[in-house]
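Engineer: turn this into a model:
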Amino acid sequence: MINKAKNILGKSLIYKNYQIYLIYTAFIFIFYAPILLQKYVFFDDYATMGNSITQTNDFFEWDIYSGRFIYAFLRVFVQPYLSSIASFTWLRFFSVIWTLFFCIFLHIFLIKRTQITSKFFIFFTPLFLAILPSFIVLNAWATCFPYTFALVLTGIAYTTTFNTDQTTSWYKISIGLILLIGSFLIYQPVGMAFIFFVFLSSCLDNRKINYSNIIISIIMLGMAMVASFVAAKIIPQILYGKTLSRTEIANSFINKLYWFFNEVLKNTISNYHLTSNMPYIILSSLIFLIGLFFITKQQNGKIKLLISSASIFIVVFPNLIIKENWAASRVCIGIALIITTILFYGLINIIEKTRLYKFGNILIISILIIFSLHTQNYMYKGFILSEQLQYQAITQEISSQIPKNYAGLVRFDTSTLYQNNFSTIRRYDEFGHYELIEEWSLRGMAASIKKEKKLNYQIEWNMVLSKNNPCVGQCIIINTSNITQNASPY
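Structural biologist: Numbers count the residues shown, from 1 in each chain. Below is the predicted model of the structure:
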């Protein structure tokens, strides 16, 4: 029995490559160590913490409106355990663990599901993808805790559907579709990354294209999108009598195409840079085009080029047909995976087909270290330090303005806007986000500070001063602009 077990383990890819996966483990935990060792919460995390402290649940309905049924129940399950800033570390740990599993899964996928011969590409691709801004957001923002799990689930949906010899059956297709829909009901942009695995298995080696598998994959993706549409548009209408306006169909497809090229494509070509650094964009674009060029050198190369290009559009198709113009990193994870993989494919081919091959390991490791330090800086300054400074500043303001025995109302005056001085790194509602104007963030901060400092003021759902929410009777106004003015940008 023991010998049989050893034989099974000996044939296992995980056993054969355990040293590689130990390297992956060390790299992922060193890279993401700041978000695991530092105590902070971010944006919607404050709302979750406020709900946990006050024992309310105001976001379940919002998650149902968004079509994220499974995510809604997951958030309800974890919320009671998130009544302190330190408790959010466990959600980030969960996300980082699934990022590691994604790296291992992708490595196995590239070995078993493709015939790519480059050991450089197979080993390093998972690591380069795991440090993209999209992954940083999913890991650093605890609210996104199940999204990396959903990404692995998307990949499992593909490998469940198709055998390693590219055959399938109706039974396997059905199971794969259920898993894919499950991923969509956690987070739709991650579900769309299903096309990333279709792209990997179809375009990066010298095999003939399996058209039937591509057609099956597109049909599965279409069915999952229909399920997601029903979850976001039909069911909320039945349950609550309305839907979110951001899910309405766009009025102008031309405007959406302009948005795609000017924002989505530019951001993903920039990959590891959050700023529009034109020399870097030009260099990345050139290497990306070289990657496409080498794809054309494969068997059925022109068709593979067409499939690669189509994948880039298909993976963001839902965003092209709705009104919402949002190119945040978490939304663009599918296209980031595809474009960065093509770019890295071009880079590896440049190295392997030139004299640089002699220095391949050193060169690629050096690039990985540089990008890791660069994006880790984004992670630290855009998430950790920015949030810690904001929370510290508002804690000091509340402690100095509100007596310990005060049991009245509190209103936050956000009417005077000042530049966010807590971070020089800013992008959408992610990196360097300014919390002190968001009513749900302020409520969560106020609830946490009240608990930590043993204060007695009242916590209400809306604590932001306005005409409809005035400061009357026993009430203290906290001016958030004073807090921002005193902050020093870093």
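Engineer: pull the contacting residues for Gln390.
Structural biologist: Contacts of Gln390 were listed using C-beta atoms under 8 Å, 6 or more residues apart in numbering, and they are Phe422, Tyr434, Glu435, Leu436. Backbone N, C-alpha and C define where each C-beta goes, glycine included.
Engineer: most neighbours of all those residues, which one?
Structural biologist: The member of the contacts of Gln390 that has the most neighbours, counting by other C-beta atoms under 10 Å, is Phe422 with 27 neighbours.
Engineer: need phi/psi at that residue.
Structural biologist: Dihedral pair for Phe422: phi -90, psi -10, per degrees, to the nearest 10.
Engineer: make residue 1 into 6 and carry on from there
Structural biologist: Happy to do that; since the first residue is 6 now, the last one works out to Phe427.
Engineer: distance check, it against Gln393.
Structural biologist: Taking C-beta to C-beta, to the nearest Å as the measure, Phe427 falls 9 Å from Gln393.
Engineer: now Ile327
Structural biologist: When C-beta to C-beta is the yardstick, Ile327 and Gln393 sit 35 Å from each other.
Engineer: would you agree Asn218 is in contact with Thr173?
Structural biologist: Yes - Asn218 sits in contact with Thr173 when judged by C-beta atoms under 8 Å, with a separation of 7.1 Å.
Engineer: state the pLDDT value of the spatially closest residue to Ser314 that is not a sequence neighbour.
Structural biologist: Distance criterion C-beta to C-beta, 6 or more residues apart in numbering; nearest residue to Ser314, sequence neighbours excluded, is Leu297 at 7.8 Å. pLDDT, Leu297: 97.
Engineer: C-terminal to the host helix or strand of Leu297, what's the next element?
Structural biologist: When secondary structure is defined by DSSP states H and E, Leu297 falls within helix 283-301. Toward the C-terminal end, the helix or strand that comes next after helix 283-301 (DSSP H and E) is helix 306-319.
Engineer: tally of neighbours for Ser404?
Structural biologist: Around Ser404 there are 14 other residues, counting by other C-beta under 10 Å.
Engineer: again with Ser316
Structural biologist: Each residue near Ser316 was counted by other C-beta under 10 Å, and the total is 23.
Engineer: any idea how far the closest residue in space to it that isn't next to it in sequence lies from Val415?
Structural biologist: The spatially closest residue to Ser316, leaving aside those adjacent along the chain, is Phe204, at 4.4 Å (C-beta to C-beta, 6+ apart). The spacing between Phe204 and Val415, counted by C-beta to C-beta, is 52 Å.
Engineer: who has more neighbours, these two?
Structural biologist: Shown here are Phe204 and Val415; by other C-beta under 10 Å, Phe204 has more neighbours (27 against 24).
Engineer: OK, contacts around Phe48?
Structural biologist: Applying C-beta under 8 Å, 6+ apart, we find Phe48 in contact with Trp146, Thr148, Asp434, His438, Glu440, Glu443, Ser446.
Engineer: tell me the contacts of the residue nearest to the fifth one when sequence neighbours are not counted?
Structural biologist: Pointing back at Glu440 there. Nearest residue to Glu440 in three dimensions, chain neighbours excluded: Ser446, at 4.1 Å (C-beta to C-beta, 6+ apart). With C-beta under 8 Å, 6+ apart as the criterion, the residues that contact Ser446 are Phe48, Tyr51, Ala52, Glu440.
Engineer: which pLDDT does the model give Ser446?
Structural biologist: The predicted local confidence for Ser446 comes out at a pLDDT of 91.
Engineer: in the helix or strand hosting it, what counts as buried?
Structural biologist: Applying DSSP H and E as the criterion places Ser446 in helix 444-458. Applying a neighbour-count criterion of 16 or more other C-beta atoms under 10 Å, one finds Glu444, Trp445, Ser446, Leu447, Arg448, Gly449, Met450, Ala451, Ala452, Ser453, Ile454, Lys455 buried in helix 444-458.
Engineer: downstream neighbour of it in the secondary structure list?
Structural biologist: Using DSSP H and E, the helix or strand that directly follows helix 444-458 along the chain is strand 480-484.
Engineer: what lines up beside that following strand in the sheet?
Structural biologist: Taking DSSP bridges as the criterion, strand 480-484 forms sheet pairs with strand 414-418 (parallel).
Engineer: now what about the strand it pairs with, what contacts it?
Structural biologist: Strand 414-418 has contacts (C-beta under 8 Å, 6+ apart) with 403, 407, 441, 444, 447, 451, 462-463, 465, 468-470, 474-486.
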